[in-house]
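Peer 1: What follows is a predicted protein model with its sequence.
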Amino acid sequence: MMGKKDYPDNRPKLKEYIEKDLSKSKFLVLHNDDIHTFDYVIESLIRICKMDTIQAEQCTFLVHYKGKCDVKKGTAGILKPLKDGLIERGLNATIE
């Protein structure tokens, strides 16, 4: 029977994997438009991006006053369905 010290230490590989994955991180960016109401954008962020109400309100105000807002951070594979969901609701979103 092997003791704990007989197993190889995988922590350096795990750290390397996490750092490599984080270097691939992108942002889901919501852009301003002059079409949708604040309430609609807030509801969309809550539904699609699973934000709480306060986060969604803050993002909506940033989009309105700054022109865009980073909504989520993650890999492209995680962000793409969120982007597609926002676009299906008529909002302007990109992955950058």
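Peer 2: Looks like it arrived, so ask away.
Peer 1: shaky segments in this protein?
Peer 2: Within the chain, the stretches with pLDDT under 70 are 1-23.
Peer 1: okay, which residue is most central for it?
Peer 2: Here the mean C-alpha position of the chain is nearest to the C-alpha of residue 72 (CA atoms, centre = their mean), at a distance of 2.1 Å.
Peer 1: if I pick it, what's in contact with it?
Peer 2: Residues near residue 72 by CB atoms under 8 Å, 6 or more residues apart in numbering: 27-28, 49, 78-79, 82. (Each C-beta comes from the backbone N, C-alpha and C, glycine too.)
Peer 1: ditto for residue 74
Peer 2: By CB under 8 Å, 6+ apart, the residues touching residue 74 are 25-26, 28.
Peer 1: ok, which stretches of the chain are strands?
Peer 2: Under the criterion DSSP state E, the chain contains strands at 26-31, 68-74, 92-95.
Peer 1: Using a markdown table, lay out those together with distance to residue 59.
Peer 2: Putting those into a markdown table (distance: least, CB to CB, whole Å) gives the following:
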| stretch | distance to residue 59 |
| --- | --- |
| strand 26-31 | 7 |
| strand 68-74 | 5 |
| strand 92-95 | 11 |
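Peer 1: For residue 61, find the nearest of the ones you listed.
Peer 2: strand 68-74 (8.6 Å; CB to CB).
Peer 1: Which positions within the closest one qualify as buried?
Peer 2: Across strand 68-74, burial judged by 16 or more other CB atoms under 10 Å covers 68-69, 71-72, 74.
Peer 1: again with stretch 31-40
Peer 2: Neighbour counts over stretch 31-40 (16+ other CB under 10 Å) mark 32, 36 as buried.
Peer 1: what does stretch 39-46 give?
Peer 2: Judged by neighbour count using 16+ other CB under 10 Å, the buried positions of stretch 39-46 are 41-45.
Peer 1: between these, which is nearest residue 90?
Peer 2: Of all the buried residues of stretch 39-46, the one sitting nearest residue 90 is residue 44; the distance, using CB to CB, is 8.6 Å.
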